[in-house]
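Student: can you look at this prediction? I've put the sequence above it.
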Amino acid sequence: MIDQGRVLIEACESTDHPDWLRLREALWPDCARAEHLAAMNSFVAQPERYVQFLAYSPTREAIGFAELSLRSDYVNGTESSPVAFLEGLYVVPQARRKGVARALVAVASEWGRRAGCIELASDAVLENSISHLVHRALGFEETERVVYFRRKLA
């Protein structure tokens, strides 16, 4: 348990954690529960590559989470490898603008440093302007914008 002032943060090392699943479902509501559980199982099975942190209020209510990975492939906008990558960050609406995301990113940054990284990267879809604002407020700088294309091959 890491005490970040009024926010308590702990690593989540088990898929039997209903708070982690509940918060993931809030962040990614279009993802089926089975997909969430499969991803969670994959993360827990590879602790050398993935880590999950849950944030709790002083009354032990789960109020946010962060998921991170170590990426050794090219990460857009970065200059090093491996890179600590913020795969997901979520804070429940009633706990926003109270330092929870900042505390999660501080713990995430420390995890990345301990893993030998010199950069923490993240992404957000182009139309998610609120995420862009949150990233900037947390000290991230925008590095580039990318539009992906595909062509189906019959």
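Tutor: Alright, I've got the coordinates.
Student: so which bits of the longest helix along the chain are buried?
Tutor: Of all the segments of type helix in the chain, defined by DSSP state H, the longest one is helix 100-114. Neighbour-count burial for helix 100-114 flags 100-109, 111-112 (criterion: 16 or more other Cβ atoms under 10 Å). Where C-beta positions appear, they are placed from N, C-alpha and C, glycine not excepted.
Student: contact partners for residue 126?
Tutor: Residue 126 sits next to 145, 147 when contact means Cβ atoms under 8 Å, 6 or more residues apart in numbering.
Student: name the element it belongs to?
Tutor: Assigning secondary structure by DSSP states H and E places residue 126 outside every helix and strand.
Student: need the pLDDT of it.
Tutor: If you check residue 126, the pLDDT there is 92.
Student: could you shift the numbering so residue one becomes 593, and keep it that way?
Tutor: With the count now opening at 593, the last piece we talked about shows up as residue 718.
Student: what about residue 630, which SS state?
Tutor: Three-state call for residue 630 (DSSP: H, G, I helix; E, B strand; the rest coil): helix.
Student: state the number of residues packed around it.
Tutor: 13 (other Cβ atoms under 10 Å).
Student: one step back: want to throw the buried residues of helix 692-706 into a markdown table with pLDDT and distance to residue 635?
Tutor: Listed next are the buried residues of helix 692-706 as a markdown table, based on pLDDT from 0 to 100; distance: Cβ to Cβ, whole Å:
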| residue | pLDDT | distance to residue 635 |
| --- | --- | --- |
| 692 | 96 | 21 |
| 693 | 97 | 20 |
| 694 | 96 | 23 |
| 695 | 95 | 21 |
| 696 | 97 | 16 |
| 697 | 97 | 18 |
| 698 | 96 | 21 |
| 699 | 97 | 16 |
| 700 | 97 | 14 |
| 701 | 98 | 19 |
| 703 | 97 | 13 |
| 704 | 97 | 16 |
